[in-house]
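Visitor: make a model of this:
(chains A and B)
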Protein chains: 2
Amino acid sequence: MATAVANGGAAATTRVMSVYSEVQTSRLNHNLPLPSVLRAPFALLDGPPSSAAGNPAEIANLFPHLFAQPSANLAPAHSSATPTHSLKVGVVLSGGQAPGGHNVISGIFDYLQHKAPGSTVYGFKGGPAGIMKCKYVQLTPDFVYPFRNQGGFDMICSGRDKIETPQQFKEAEDTALKLDLDGLVVIGGDDSNTNACLLAEYFRSKNIKTRVIGCPKTIDGDLKCKEVPASFGFDTACKIYSEMIGNVMVDARSTGKYYHFVRLMGRAASHITLECALQTHPNIAIIGEEVAAKKQTLKNVTDYITDIICKRAELGYNYGVILIPEGLIDFIPEVQTLIAELNEILAHDVVDEAGVWKQKLQPQCQQLFEFLPQAIQEQLLLERDPHGNVQVAKIETEKMLISMVETELEKRKAEGKYAGHFKGQSHFFGYEGRCGMPTNFDANYCYALGYAAGALLHCGKTGLISSVGNLCAPVEEWTVGGTALTSLMDVERRHGKFKPVIKKAMVELDGAPFKKFASMRDEWAIKNRYISPGPIQFMGPGANDVNHTLLLELGAVQA
Amino acid sequence: MATAVANGGAAATTRVMSVYSEVQTSRLNHNLPLPSVLRAPFALLDGPPSSAAGNPAEIANLFPHLFAQPSANLAPAHSSATPTHSLKVGVVLSGGQAPGGHNVISGIFDYLQHKAPGSTVYGFKGGPAGIMKCKYVQLTPDFVYPFRNQGGFDMICSGRDKIETPQQFKEAEDTALKLDLDGLVVIGGDDSNTNACLLAEYFRSKNIKTRVIGCPKTIDGDLKCKEVPASFGFDTACKIYSEMIGNVMVDARSTGKYYHFVRLMGRAASHITLECALQTHPNIAIIGEEVAAKKQTLKNVTDYITDIICKRAELGYNYGVILIPEGLIDFIPEVQTLIAELNEILAHDVVDEAGVWKQKLQPQCQQLFEFLPQAIQEQLLLERDPHGNVQVAKIETEKMLISMVETELEKRKAEGKYAGHFKGQSHFFGYEGRCGMPTNFDANYCYALGYAAGALLHCGKTGLISSVGNLCAPVEEWTVGGTALTSLMDVERRHGKFKPVIKKAMVELDGAPFKKFASMRDEWAIKNRYISPGPIQFMGPGANDVNHTLLLELGAVQA
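Guide: Got it, this is the predicted structure:
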């Protein structure tokens, strides 16, 4: 069932001695198609001067050298237009894992091998800290090979450090100079791409030749815009979660006695939950952005779930599947208020067993606190982070909701309004999805992103994010270019200073994916329209499907 | 991404109106191969008289009509030897879901359609209760079609009722007579097959023509013997869990800071944990049968895990993956003693907050109780079943172990024996695996089991379990027959009476799968030999692989 992976190189990788499964091995040798514009001689065509997503004056102040630079697109050209000189390029993975990261690196590597012979690629180890400490490995064909089309970030690993202080920028500069870097590719989320742009600006301001290109990574799906229609990893992660959800749905229908509450990774935005809902048709899916927009309370959410459970019981269904975004309670204003008050009280007062301390809470917060299940109350009071703050992230929202729904159902039963049976089962799908082998879509998309990053550097660009578009068409027809990172930015006021940010792309309540979901959820709630997507296939039917969010956002097809 | 499934029949199924994913649709039309002996005229050849797995005299007493009957094998024969008369057959699913159940039913149905034209098949709804209450649906091609190669048991659903009392046997008799049943196929685990044999004996003793054939179902893998080399569903469930484990492993290696404690379904035996370990090479896998054989305590298990974590920290690895069977604590004698004492005390005494009640525990039990994490102590005392008993099944063993390991590591850190970082992440993989779409192996195996059950009934057999062998060879070469259920039985003394049981097949510590695991685990513990099996493929490399347990037990290949 498993074969050893050949390794001709001396460079030590964590995978050199590994044994690979048959699927892993077959993916190693899977050929990656390229957009046709990347397969032939091309030229880079600049667009018009760009602006910013908001507060252009402030962005211009923060990025005096880069602001207003055009985005650019690759177009077929005579071979004389394509550069051929060799480059020294560094690459770094930043932040949490997303399926396909290795393919971005493979894409950069292959571009330089094919189009800029004699080039050198350095992989910075352990994220941005690797740049600052000049910890790197030089990539070779043998080193890169075992990671092709494989999940994980373990080729060079990632990290969550940021290059922020003048000292840290100086360290990055030292590394750039030491390695004589022509370019650096930063593979990361919104923060990392903002950081990439700051670094591009810094190098430009110091007249250092090192150019910086970003690549859009995050399973959360919240780094996207018109020019960058998707972040990589979202497709694979959603399909892995949807496989599991589909299986649980068939189990729910077969067993007929459990309500499965499935919490899905994704704190800041609910794209994953929405996409999984579109793939699987659960009875209920809670979208954080809607909860926030409607200023719903925890009681509202509980009642919404309970109402549907009661209706289903009347129809004879005492089972169901409910999807919940990990970040749900971050979207509920009253919970935020409670947490803030708790942090204040816990910092200064003694929590007495008799509960006198609770009188320090505002009446509404007190009411909410009493509404919470006892286990959650205790967790809030006892488990605190090193700063003494309540650990919201540790709350198992799915278990909390099960408990609250249970209480509400008991109340209704006593009132004669509910005669069903309720048993909740909790699930959290998170780590399972961040490092799966990338789907064909993510594998191709990442390879193109990396190849494009190489092309942008080769053409002397900096401060752009690699942009591959027309993603619902066959790969050959994908468009390739780079978008000015400053054009995606706005500012936020933090500690009295303007800070540039690429605003997270939240679920748009008037966007096509949410509207599609909203138009169908009442039917899904009462009738059972479960879909089981099954395991991700690399060959055969469904293997090249694009996810619903992308399809709907690009308006290509009605899913 | 989804297409509607055609439904020509009037019979209402829960799937009629469903929308199917592309993978589901493609599996619907996937052609199932048959063992060559089932594709041509055959005869059934009886073997020698059989005995019992133990206490043959008692088994003979319990099954006077069936005891000693021979097992039988299908062999090619002249077409005149093969029966052609039509039959009326019932089929029932019993107990927990396992991938492939629908294919067993499809196999029975297709056998009768092809070899016994004019036959009728009734699907009893909701398990054995459906037999007793005569609740059934008549199967038609249109009714069966949407379930081919699909996961779940929702075609006719299952149940956990048993046919035990004289009244219940009478009800089954009434149904058999009312529907004029020639045969009944019981698809279930060890208990259900024992029950099937009791029913076969009962019908025979009353001169009722209804014959009963069993089929081996359970993801737990604990219903198997020489003649029945595997229970269906085990292959698929293990591959689904292994996909997730492999993903978590790549995440662990990429992130470098988490120990993932993965609890795997399977209370009675640890086959699933062992198979997943062979597929993925975790740093640690605890096998319940070994813990029991070595009479290990919870402290022993904690120390074993902690020792490896300390060794890994010295090597610079502060991450890892640990597999734990769901039933672990059932294998630890001291825990059983503690539970028994707790149940006794809780039934009669008041649990005072000061903890005076603890003095009623034997010293060893008191020590164990104090060793347990506080959350588990509280759970044991507070959450009790309707009979007032402690709910062992509700204990989240993986969280308990994380907490105990944490405490032990803190102790060692204070003693200067450990300088690493430890963060535990808990997972439970269970419901995700019971209803996945069956692998090619399970799809084929189940179809052959069902087809064989049809053939056994057609040849007038009763009290046999459908037996398909030579499973590591191509499907054409699989052997087909039926094994006398009485030959698999022993007796247990319960409530002063002998009760027939098919003994659960536990992990054999001198069996090939465990020996293979034991020979490699020290290396896996320290070096990282993770394998990521990836998602189950229905086409291409790996799609037809057999699991390690089966390969090793059949001695066909060194995995």
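Visitor: going by C-alpha atoms from here, please, whenever you check contacts or count neighbours.
Guide: Will do.
Visitor: quick check on A:Lys206: phi, psi?
Guide: Main-chain dihedrals, A:Lys206, degrees, to the nearest 10: phi -90, psi 10.
Visitor: how far away is it from A:Gly183?
Guide: 15 Å (C-alpha to C-alpha, to the nearest Å).
Visitor: which SS class is A:Thr407?
Guide: Three-state call for A:Thr407 (DSSP: H, G, I helix; E, B strand; the rest coil): helix.
Visitor: no no, A:Asp490
Guide: Classification of A:Asp490 by three-state DSSP places it in strand.
Visitor: follow-up on the earlier one: looking at A:Lys206 and A:Gly183 now, which is surrounded by more residues?
Guide: Taking neighbours as other C-alpha atoms under 10 Å in any protein chain shown, A:Lys206 and A:Gly183 compare with A:Gly183 leading, 27 against 9.
Visitor: helix or strand: which one has whatever residue of the stretch 251-400 of chain A ends up closest to chain B?
Guide: The stretch 251-400 of chain A approaches chain B most closely through A:Ser254 (4.4 Å), counting by C-alpha to the nearest C-alpha. Per DSSP states H and E, A:Ser254 falls inside helix A:234-255.
Visitor: partner strands of the helix or strand that that helix is followed by, parallel or antiparallel?
Guide: Of the helices and strands lying after helix A:234-255 in sequence (DSSP H and E), the nearest is strand A:259-264. Applying DSSP bridges to the sheet, strand A:259-264 is found paired with strand A:320-325 (parallel), strand A:424-429 (parallel).
Visitor: would you mind finding the most buried of the ones you listed?
Guide: Each of the strands paired with strand A:259-264 was scored by mean neighbour count; the highest is strand A:320-325, a mean of 26, by mean count of other C-alpha atoms under 10 Å in any protein chain shown.
Visitor: quick one: name the residues of the stretch 201-350 of chain A near chain B.
Guide: Residues of the stretch 201-350 of chain A lying near chain B by C-alpha under 8 Å from any C-alpha of the partner chain: A:244-245, A:247-248, A:250-251, A:253-255.
Visitor: any idea which helix or strand of chain A has the worst average confidence?
Guide: When each helix and strand of chain A is scored by mean pLDDT, DSSP states H and E, strand A:2-4 comes last, with a mean of 42.
Visitor: point me to the residue of the stretch 51-200 of chain A nearest chain B.
Guide: As assessed by C-alpha to the nearest C-alpha, chain B sits closest to A:Asp154 within the stretch 51-200 of chain A, at 4.4 Å.
Visitor: is it true that that residue touches B:Gly256?
Guide: No. Under the criterion of C-alpha atoms under 8 Å, A:Asp154 makes no contact with B:Gly256, lying 9.1 Å away.
Visitor: the two: which has the busier surroundings?
Guide: Applying other C-alpha under 10 Å to A:Asp154 and B:Gly256 shows that A:Asp154 carries more neighbours, namely 26 against 19.
Visitor: who touches the more buried one in this structure?
Guide: Contacts for A:Asp154 (C-alpha atoms under 8 Å, 6 or more residues apart in numbering or on different chains) come out as A:14, B:250, B:253-255.
Visitor: swap in 6 Å and give it another go.
Guide: By C-alpha atoms under 6 Å, 6 or more residues apart in numbering or on different chains, the contact list for A:Asp154 reads B:Ser254.
Visitor: element containing A:Leu38, please.
Guide: Using DSSP H and E, A:Leu38 falls in helix A:36-39.
Visitor: state the mean pLDDT of that helix.
Guide: Helix A:36-39 shows a mean pLDDT of 96.
Visitor: quick one: that helix to chain centroid distance?
Guide: Its chain's C-alpha centre and that of helix A:36-39 lie 27 Å apart, by C-alpha atoms, centre = their mean, to the nearest Å.
Visitor: show residues contacting it.
Guide: A:76, A:476.
Visitor: send the alpha carbons of it over as CSV?
Guide: In CSV, the C-alpha atoms belonging to helix A:36-39 read as follows (Å, rounded to 0.1, in the frame of the first residue of the first chain):
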residue,chain,number,x,y,z
SER,A,36,-1.9,29.2,-21.8
VAL,A,37,-0.6,32.7,-21.3
LEU,A,38,2.1,31.2,-19.0
ARG,A,39,3.1,28.5,-21.5
